[in-house]
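Chemist: Provide a 3D model corresponding to the input given below.
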Amino acid sequence: MKRKIVYYFVSIAALSALLAGCKGNDNKASNEYVTIEGYRGIEVDEVMDISEVTDEDVENYINSVLMQNSIEVTDRGAELGDVVDLNYAGTVDGQEFDGGNAENFSLQLGLGQFLEGFDEGLIGHIAGDVYEWGGVLPENYAYNPELSGREVVYTITVNAITRPAELTDEFVQTISESAETVEEYRAEVRKMLEDNMSVDSNSMLQDAVWNAVLEKAEVEKYPEEEIKEISDSLIQQYKDMAESSEMDYETYVQAQIGITAEEFEKQAEEAAKVELKQRLVADVIAEEEKLLPKGDELEKEYQKLAELYGYQDVDALKEMVDEDSLKELVIQNLVKEWLTDNCKQDSNE
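Modeler: Numbers count the residues shown, from 1 in each chain. Here you go, the predicted model:
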């Protein structure tokens with residue numbers, strides 16, 4: 001069954017927004033539904049670049065990669081820095097207690113994630129070992145305050161031991177397509193993190209510009225059939241979720257949102273207007289500025305969407321999603337990019 005991708009990805013966000021100073025040049029775009037003035041060269045507060053990537057950021061990222069490529073240890077006991085997969089069962093005065101048991105608990109030795117002395121007690125143990133360790137619960141034991149400061153005995157089973165991969169030139173060559181040395185890999189990671197921060201900064205600016213444009217837009221009237229289609233789609237999503245949760249629709253809405261189904265459906269209509277306003281504004285600007293994609297350009301934009309939403313290719317995307325909705329999403333993205341490229345940022349200095 002094809003889904004309306006604009007509705008699916010935007011409607012709930014629009015509803016959540018309901019639940020929960022810009023100036024431009026003398027320009028105007030309008031049709032029977034909407035009028036927007038001053039969108040070209042719209043002025044917004046300056047969006048500052050996200051702070052620069054630090055050496056610590058680089059090392060944290062690399063450490064996460066080393067952890068993801070951990071190697072199982074079978075020829076020695078556990079050491080500081082190893083990650084131990086274990087089961088534990090705790091007792092106080094011989095009685096088990098809430099929060100005292102866990103299976104397949106992952107613990108990196110030396111970080112002090114558990115009780116004082118617990119890590120040290122694991123050192124030297126090998127996979128398959130079962131032993132007891134005694135300690136003292138914290139003075140403010142959140143899981144069971146009545147046991148704060150009490151002596152505890154844990155029965156521990158060591159399931160497996162792994163160690164993070166070692167950062168060497170040889171390892172780098174197995175995970176990077178271009179870097180051959182550790183230093184080259186550090187530079188590659190820094191560049192990747194900087195690029196990600198740049199994308200985040202641009203996204204923040206794009207959101208600011210789009211919100212400013214929407215603020216200026218005046219809706220003359222809404223296409224009633226489309227309001228009903230969007231609100232019905234949103235309501236159906238909640239009905240489907242209620243069914244999958246084995247709850248009736250009214251009870252599910254009350255439990256999830258805290259309002260009656262009738263109140264929810266009224267808000268669904270308002271959310272539909274919020275969403276439709278975005279589409280109407282994007283359409284009228286795209287028409288005025290000749291941004292409407294055609295032919296190969298449209299297919300390239302579909303390819304971007306397929307990659308963004310994790311589809312194997314455009315054909316797979318089109319099998320699941322209504323193509324009219326895809327085109328509307330493409331138009332909105334192109335308009336947002338164009339508005340951002342043509343905006344003015346005010347530093348307020």
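Chemist: for this structure, which element, helix or strand, carries the lowest mean pLDDT?
Modeler: Using mean pLDDT, DSSP states H and E, helix 5-19 stands out as the lowest-scoring helix or strand of the chain, at a mean of 46.
Chemist: against which helices or strands is the longest helix seen in the chain packed?
Modeler: Of all segments of type helix in the chain, defined using DSSP state H, the longest is helix 182-216. Applying 3 or more C-beta pairs under 8 Å, 6 or more residues apart in numbering; DSSP states H and E, one finds that helix 182-216 contacts strand 34-37, strand 43-45, helix 55-68, helix 169-175, helix 261-288, helix 323-341. Using the backbone N, CA and C atoms, a C-beta is placed for each residue, glycine as well.
Chemist: mind checking the ones you listed for the one nearest to Lys28?
Modeler: With C-beta to C-beta as the criterion, Lys28 lies closest to strand 34-37 of the helices and strands packed on helix 182-216, at 4.5 Å.
Chemist: buried ones in the closest one?
Modeler: If you call a residue buried by 16 or more other C-beta atoms under 10 Å, then strand 34-37 has these buried ones: Val34, Thr35, Ile36.
Chemist: so which bits of the very next helix or strand once past the least confident helix or strand of the chain are buried?
Modeler: Moving toward the C-terminus from helix 5-19, the next helix or strand (DSSP states H and E) is strand 28-30. By neighbour count with 16+ other C-beta under 10 Å, strand 28-30 contains the buried residues Ala29.
Chemist: and for stretch 77-97?
Modeler: Ala78, Asp82, Val83, Val84, Asp85, Leu86, Asn87, Tyr88, Gly90, Thr91, Val92, Phe97.
Chemist: which strand or helix spans the nearest residue to Tyr311 once chain neighbours are set aside?
Modeler: Nearest non-adjacent residue to Tyr311, counting by C-beta to C-beta, 6 or more residues apart in numbering: Leu317, 4.3 Å away. Taking DSSP H and E as the definition, Leu317 sits inside helix 314-320.
Chemist: now Tyr238
Modeler: Counting by DSSP H and E, Tyr238 is part of helix 224-244.
Chemist: and the helix or strand that comes right after that helix with helix 224-244, angle?
Modeler: Counting by DSSP H and E, the next helix or strand C-terminal to helix 224-244 is helix 249-257. With axes from the mean of the first three to the mean of the last three C-alpha atoms, to 10 degrees defining the directions, helix 249-257 sits at 90 degrees from helix 224-244.
Chemist: show me what helix 249-257 is packed up against.
Modeler: By 3+ C-beta pairs under 8 Å, 6+ apart, helix 249-257 packs against helix 224-244, helix 261-288.
Chemist: distance from the first one to the middle of the chain?
Modeler: For helix 224-244, the distance between its averaged C-alpha position and the chain's averaged C-alpha position is 24 Å (C-alpha atoms, centre = their mean, to the nearest Å).
Chemist: picking up where we left off before, would you tell me which one of the helices and strands packed on helix 249-257 is buried the most?
Modeler: helix 261-288 (a mean of 20; mean count of other C-beta atoms under 10 Å).
Chemist: next SSE downstream of it?
Modeler: Per DSSP H and E, the first helix or strand lying C-terminal to helix 261-288 is helix 295-308.
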